[in-house]
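S.K.: any chance you can model this:
(chains A and B)
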Amino acid sequence: MVKKYIADWKVKENKVLNNDHCLLKLCLDEPLPEILPGQFVQVKINHSEHTFLRRPISVHFVNQKVRELWLLIQSVGEGTRLLTIVNKGEALNLIYPLGKGFTIPSENNKSNKYLLVGGGVGAAPLLYLGAFLKEKGITPAFLLGARTENNLLQLSEFQKYGEVYITTEDGSAGEKGWVIHHSILQKGAVDFIYSCGPKPMMMAMARYARQRSIPCEVSLENTMACGIGACLCCIEKTTEGPACVCTEGPVFNINQLTWPI
Amino acid sequence: MADLNVPIGGLQLKNPVLTASGTFGYGIEFADFIDLSRIGGIVVKGTTLRAREGNDYPRMAETPAGMLNAVGLQNKGVDYFITDIYPKIKDINTHFLVNVSGSTIEDYVACAERINDLKKISAIELNISCPNVKQGGMAFGITCAGASPVVRAVRKAYRKTLIVKLSPNVSDIAEIAKAVEGEGADAVSLINTLLGMAIDVEQRKPILSTITGGLSGPCIKPIALRMVYQTYKAVRIPIIGLGGISNGKDAVEFLLAGAAAIQIGTYNFIDPAISVKVVEEINQYLDRHGFQSVKELTGAAV
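M.R.: Okay, the predicted model is just below:
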């Protein structure tokens, strides 16, 4: 088991991305442990009267050199709303790094085509994954979906690491529709799919992958309490029985799951 | 530094702080955050004779100052505990207690018998109060007629310290406590979770797959404290108090209301190092008020 830590991180920047999304750049005074793409952190919510539990947030990006961790936050409920309004200099208490991340291909598979498919704020972990792959000499392609152009997050960041294909539900950017409808998927020639986003989107990608026998990993976001495998609340049914998403996931190969695809 | 030792039946705890079943895994999940040997004991998660898959997802709903759970005693069974978990915990320098649950009296007895043979396990906590299982669990713990036979049967089969965990979902918890004391329980722990419910108004359906679940966290603390006090007035055996403890002051309240020791449950999820902090804070309280021993606090306010 990888060692877990608990520490106060300092908010270096809180960048507003649109009405209900922000990018938090957090930093630590000491060197960061190894943090892998697809892992997450448990964030304690400061000064909250109405929430109780920590919030599991996926790792959006890590810069070991400047000891920086990025979190992409969508204001969904009270806990995440409070995270979108934290101030520069404020301390956020994190438990990290948590969970099992995406499978990183070996150098021998460099020539393969990796497609990283994200929906909405679910695209968050794919930036770090893309950067990680690029570092290994693999150029990934991203397929990102959002409701509107305004909800496409961090596009210029994604573009640093590979080609970015886009769908929006209203057609305001990229192709109109959902990611599963994008023409790139009809052209084929994908060797591995990583997906994170709303469950219907991931199920559609899983179905696409299974029909074509393409290996596919998905990142789940079941409701969690502890994040460290103690409470058994976030279980997902797998072929080997109930699994804790927080410790045995959040990333699963679709063949481990019992989804009706 | 005051004396923090506390006896519970045949068990000599190095301090009165234990971690509650179902909130601390097997302890090893928390080894990155604290030195496990610094807490008085660890009550490992609910164990049954045979493996149980637990309830369907969703099993959890956050509430103001607390949470509801409907895990339903998911565990791999007592034999898995003995073969796979026990070797990993047996050399850790604190007490390990196993929370034992079942659907029938025979299951409780068979499970307790197997644990009896484990040298390192110094006590069991008999769970007759789980609100999240269809058969057994809380059904045993909500009447004296239900509680007495199971405690009597396990008492015959289990020779070491027997603690019975009580349900708050009763009209008079002191009556149940007296009944299990009469059957030979060495101590009682209380309270288990309160039966509660939450609804998703957008979907217009209950959040939990089981509709109702067990409420825990700071929101239940005043109820737990009241029940510890009522039980303290009714029995002579030691009481282990739990329910919403999130700091040293909360723990001291339970001791003053009549508890000899306490357990920390849901707050382990918020701060995985809370148990050790509570030990330190109890110690500071004792020094600040000039107490020689933590035992002096038990019932001192009531």
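
S.K.: can you map out the helices along the stretch 151-261 of chain A?
M.R.: In the stretch 151-261 of chain A, the helices defined using DSSP state H, counting those that start in this stretch lie at A:155-159, A:184-187, A:199-211, A:245-248.

S.K.: then chain B?
M.R.: All helices of chain B, identified by DSSP state H, fall at B:78-80, B:86-89, B:105-116, B:138-141, B:144-157, B:173-182, B:221-232, B:248-256, B:267-270, B:274-288.

S.K.: can you pull the contacts of the residue sitting furthest away from the middle of chain B?
M.R.: Going by CA atoms, centre = their mean, the residue of chain B most distant from its centre is B:Glu202, 34.9 Å out. If you count contacts by CB atoms under 8 Å, 6 or more residues apart in numbering or on different chains, B:Glu202 has none. C-betas here are computed from N, CA, C, even on glycine.

S.K.: hang on, the earlier thing: could the helices of chain B go into TSV alongside mean neighbour count and distance to A:Trp9?
M.R.: Formatted as TSV, the helices of chain B follow (neighbours: other CB atoms under 10 Å in any protein chain shown; distance: least, CB to CB, whole Å):
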stretch	mean neighbour count	distance to A:Trp9
helix B:78-80	17	38
helix B:86-89	15	31
helix B:105-116	19	42
helix B:138-141	24	42
helix B:144-157	18	48
helix B:173-182	21	43
helix B:221-232	21	30
helix B:248-256	22	26
helix B:267-270	24	17
helix B:274-288	19	20
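
S.K.: of all those, which lies closest to chain A?
M.R.: Using CB to the nearest CB as the measure, helix B:267-270 is the one of these that comes nearest chain A, at 4.1 Å.

S.K.: for the record, mean pLDDT for the closest one?
M.R.: Helix B:267-270 comes out with an average pLDDT of 98.

S.K.: quick one: contacts of it?
M.R.: A:44, A:52-54, A:225-227, A:230-231, B:19-20, B:23-24, B:30, B:67, B:217-218, B:244-246, B:274-275.

S.K.: out of the helices of the stretch 151-261 of chain A, which is the most enclosed?
M.R.: helix A:245-248 (a mean of 23; mean count of other CB atoms under 10 Å in any protein chain shown).

S.K.: starting at the chain centroid, how far to it?
M.R.: Distance of helix A:245-248 from its chain centroid, counting by CA atoms, centre = their mean, to the nearest Å, is 14 Å.

S.K.: now do it: which elements does it pack against?
M.R.: Helix A:245-248 sits against strand A:235-238, with contacts defined as 3 or more CB pairs under 8 Å, 6 or more residues apart in numbering or on different chains; DSSP states H and E.

S.K.: please see if the strand it packs on touches chain B.
M.R.: Yes. On the criterion CB under 8 Å from any CB of the partner chain, strand A:235-238 is in touch with chain B at A:235-237.

S.K.: related to what we said a few turns ago, need the helices of the stretch 151-261 of chain A in TSV (columns: mean pLDDT and distance to B:Asp186).
M.R.: Below are the helices of the stretch 151-261 of chain A laid out as TSV (pLDDT from 0 to 100; distance: least, CB to CB, whole Å):
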stretch	mean pLDDT	distance to B:Asp186
helix A:155-159	97	61
helix A:184-187	91	65
helix A:199-211	97	48
helix A:245-248	98	35
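
S.K.: isn't A:Ser75 right up against A:Arg81?
M.R.: Yes. Using CB atoms under 8 Å, A:Ser75 is in contact with A:Arg81, at 4.4 Å.

S.K.: hmm, back to that, closest to chain B out of the residues of strand A:235-238 next to chain B?
M.R.: Of those, the one sitting nearest to chain B (CB to the nearest CB) turns out to be A:Ile235, at 5.6 Å.

S.K.: mean pLDDT for the helices of chain B: which is lowest?
M.R.: Across these, helix B:138-141 gives the lowest mean pLDDT, at a mean of 86.

S.K.: mind giving me the packing neighbours of it?
M.R.: helix B:144-157.

S.K.: centre of the chain to the helix it packs on, how far?
M.R.: Between the centre of helix B:144-157 and the centre of its chain there are 18 Å (CA atoms, centre = their mean).

S.K.: who touches it?
M.R.: Here helix B:144-157 makes contact (CB under 8 Å, 6+ apart) with B:100, B:105, B:108-109, B:112-113, B:116, B:124, B:126, B:128, B:139-141, B:162, B:164, B:175-176, B:178-180, B:182-185.

S.K.: indicate which one of the helices of chain B is closest to A:Lys25.
M.R.: Each of the helices of chain B has some distance to A:Lys25 by CB to CB; the shortest is helix B:267-270, at 24.4 Å.

S.K.: off-centre distance for that closest one?
M.R.: On the basis of CA atoms, centre = their mean, helix B:267-270 sits 15 Å off its chain's mean C-alpha point.

S.K.: wait, which of the helices of chain B is closest to A:Pro215?
M.R.: Here helix B:78-80 is closest among the helices of chain B (CB to CB), at 31.2 Å.

S.K.: in the stretch 1-150 of chain A, what residue spans correspond to strands?
M.R.: Using DSSP state E, counting those that start in this stretch, the strands of the stretch 1-150 of chain A run over residues A:5-18, A:21-27, A:40-43, A:55-58, A:61-63, A:68-74, A:91-98, A:114-119, A:141-146.
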